[in-house]
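>>> Fold the following.
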Amino acid sequence: MIRALALCLIWAVPAGAAEIGVPAGDTAGGTGLARAIAAASPGDVLKLAPGLHRGPVVIDKALTLDGGDGAARIDAGGRGSVIQVTADDVVIRGLTLTGSGSSHGDIDSGVQLTRDAHRALVENNRIEGNLYGVDIHGAEDSIVRGNTIIGRRDHRMNDRGNGIYVWNAPGAEIDGNDIRYGRDGIFANSSRRNMFRNNLFRDLRFAVHYMYTHDSEVSGNVSIGNHLGYAIMYSDRVQVLNNMSLRDRSHGVMLNFANGGDVVGNLVRGGVEKCTFIYNAHKNLIAGNVYQGCDIGIHFTAGSERNGFTGNGFLGNRNQVKYVGSRDLEWSVEGRGNYWSDHPAFDLNGDGIADSAFRPNDLMDHILWSQPAAALLTGSPAVALIRWSQSSFPATLPGGVLDSFPLMTAPEIAVPDDVAAMEDAANPPWLSGNYDEPEIDPLAAH
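Numbering: from 1, shown residues only. Modelled structure (predicted):
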């Protein structure tokens, strides 16, 4: 509350500040917008008239650029970033920003916040057709909210820019943006204390991509029809809370070398491959999530240890859990396990806990995962005999996931009607088979 009040005071128009109208079009001696910025004093508000304003422009003092309802458009003509900010306390609001350059080296963007642009506010803009949408490049305590960011589609997905790129920008908040096309929705690298919440991501490679970004939160976001929903990589103490991954291609949530975080209250459904992939990730709490309709509910591998699993719902996945290992893993916390749609359980005392433990995979699963050709024997009497023997004599099992206290009722996560409609309408090219992009390896360096 104190920080929010302080930011409101910072972004309020200071006493004595001028409100300056900026007409559209060019004027003698250069663009009207560039001349207005040069002539303005810190704290002034530049009100851009509807129409085209020539860019690129650099804001080197604490100004507000206000386009009202988006009818004022700044176009960079294919050169550099449409707006580059090199001063603290700048506000960019209500504009349409187009026409950046195409240099990945320079990170040509709709808005580029440099390391000298702390406490920037970028809100309610339409940022379309730029290489990157917003580049927060070392600008601490900046806020990007309520923007529509539509990336390019003129290159292969891996060669496009990100909707929002966060590099070494502690305290950055990205809230309520609608991000579509381009490469990743939000790519955060070497940062900390970031908050990404209530954003919508569609038709991207990754919705949220974390690399070396610690002590941060990803909450309330919706990912629809992307290759991968939420990739938390080499990042510690990240809170992944109440997000949705709907019809994403490979994984809904991935933890790769991610430790000490909470993955709670997320819905992943309709994925082609894995609802969740946990790879060499330790001391995480995985609780209250729903994994539904994937080929694999959770793929758990690479020595991940001391993770807690409780209150999750595994609903109609072809394989609920894929774990290839010899250790016994208990997937319950303090007497409360998870719900399994394929567990034929009873609850005679009515306490909500099944009367029998559940193993989501057995020896035959291990054989089939390690020797795919053995799938030809799946319906044979020999396989049926092995599975019957294991159920009758558990001591023959080689280790694996055990839920000693499975739940009788699945957790429920409601999907708003407008989000469900977008999920139903999603038809990414890889889903229809009309797709020639190279496969994306989520464990590779990006």
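
>>> Would you mark the buried spots in stretch 50-59?
For stretch 50-59, a neighbour-count test (16 or more other CB atoms under 10 Å) marks 53-59 as buried. Bear in mind the C-beta positions are built from the backbone N, C-alpha and C, glycine included.

>>> Stretch 300-310 now?
By 16+ other CB under 10 Å, the buried positions in stretch 300-310 come out as 300, 304, 307, 309-310.

>>> mind listing which of the residues you listed are in strands?
Taking DSSP state E, the ones among the buried residues of stretch 300-310 that sit in strands are 300, 309-310.

>>> quick revisit: same list (the buried residues of stretch 50-59) but as JSON lines, adding pLDDT and secondary structure.
Formatted as JSON lines, these follow (pLDDT from 0 to 100; DSSP: H, G, I helix; E, B strand; the rest coil):
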{"residue": "53", "pLDDT": "95", "secondary structure": "strand"}
{"residue": "54", "pLDDT": "94", "secondary structure": "strand"}
{"residue": "55", "pLDDT": "95", "secondary structure": "coil"}
{"residue": "56", "pLDDT": "96", "secondary structure": "coil"}
{"residue": "57", "pLDDT": "97", "secondary structure": "strand"}
{"residue": "58", "pLDDT": "97", "secondary structure": "strand"}
{"residue": "59", "pLDDT": "98", "secondary structure": "strand"}
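
>>> low-confidence ranges in this structure?
Scanning the chain for pLDDT under 70 picks out the ranges 1-16, 26-30, 302, 325-326, 362-399, 430, 432-446.

>>> Can you pull the domain assignment for it?
Following the TED database, the chain resolves into domains at 17-198, 227-361+400-429, 362-398.

>>> Which among the ones you listed is found nearest to residue 217?
For these, the distance to residue 217 is smallest for domain 227-361+400-429, at 4.3 Å, taking CB to CB.

>>> How far away from the center of its chain is that closest one?
Between the centre of domain 227-361+400-429 and the centre of its host chain there is 17 Å, according to CA atoms, centre = their mean, to the nearest Å.

>>> so what secondary structure elements neighbour the longest strand that the chain contains?
Looking across the chain with DSSP E, the single longest strand is strand 206-214. For strand 206-214, the packing partners by 3 or more CB pairs under 8 Å, 6 or more residues apart in numbering; DSSP states H and E come out as strand 186-192, strand 228-233.

>>> just to revisit the earlier point, now render the domains of the chain as TSV, adding distance to residue 212.
Putting the domains of the chain into TSV (distance: least, CB to CB, whole Å) gives the following:
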stretch	distance to residue 212
domain 17-198	5
domain 227-361+400-429	5
domain 362-398	31
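
>>> Which one of the buried residues of stretch 300-310 is nearest to residue 337?
Closest to residue 337, out of all of the buried residues of stretch 300-310 and judged by CB to CB, is residue 310, at 6.5 Å.

>>> and the closest residue to that closest one other than its chain neighbours, what are its bridge partners?
Distances taken as CB to CB, 6 or more residues apart in numbering place residue 333 nearest to residue 310, at 3.9 Å, with adjacent residues excluded. Residue 333 has these beta-bridge partners by DSSP bridges: residue 336.

>>> so who does the closest residue to residue 23 other than its chain neighbours touch?
Counting by CB to CB, 6+ apart, residue 23 lies nearest to residue 49, which is 5.1 Å off, once chain neighbours are set aside. Residue 49 makes contact with 21-24, 72 under the criterion CB atoms under 8 Å, 6 or more residues apart in numbering.

>>> Which single one of those is nearest to residue 423?
Using CB to CB, the shortest approach to residue 423 within those belongs to residue 72, at 34.3 Å.

>>> gap between the spatially most central residue of the chain and residue 357?
Central residue of the chain (CA atoms, centre = their mean): residue 208, 2.5 Å from the mean position. Residue 208 sits 35 Å away from residue 357 when distances are taken as CB to CB, to the nearest Å.

>>> about what we covered before: can you lay out the contacts of residue 49 as CSV showing secondary structure, neighbour count and distance to residue 429?
Output for those, formatted as CSV (DSSP: H, G, I helix; E, B strand; the rest coil; neighbours: other CB atoms under 10 Å; distance: CB to CB, whole Å):
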residue, secondary structure, neighbour count, distance to residue 429
21, strand, 11, 45
22, strand, 22, 42
23, coil, 14, 43
24, coil, 18, 38
72, strand, 24, 34
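
>>> I'd like to know which of the residues you listed is nearest to residue 105.
Looking across these and measuring by CB to CB, the closest to residue 105 is residue 72, at 29.6 Å.
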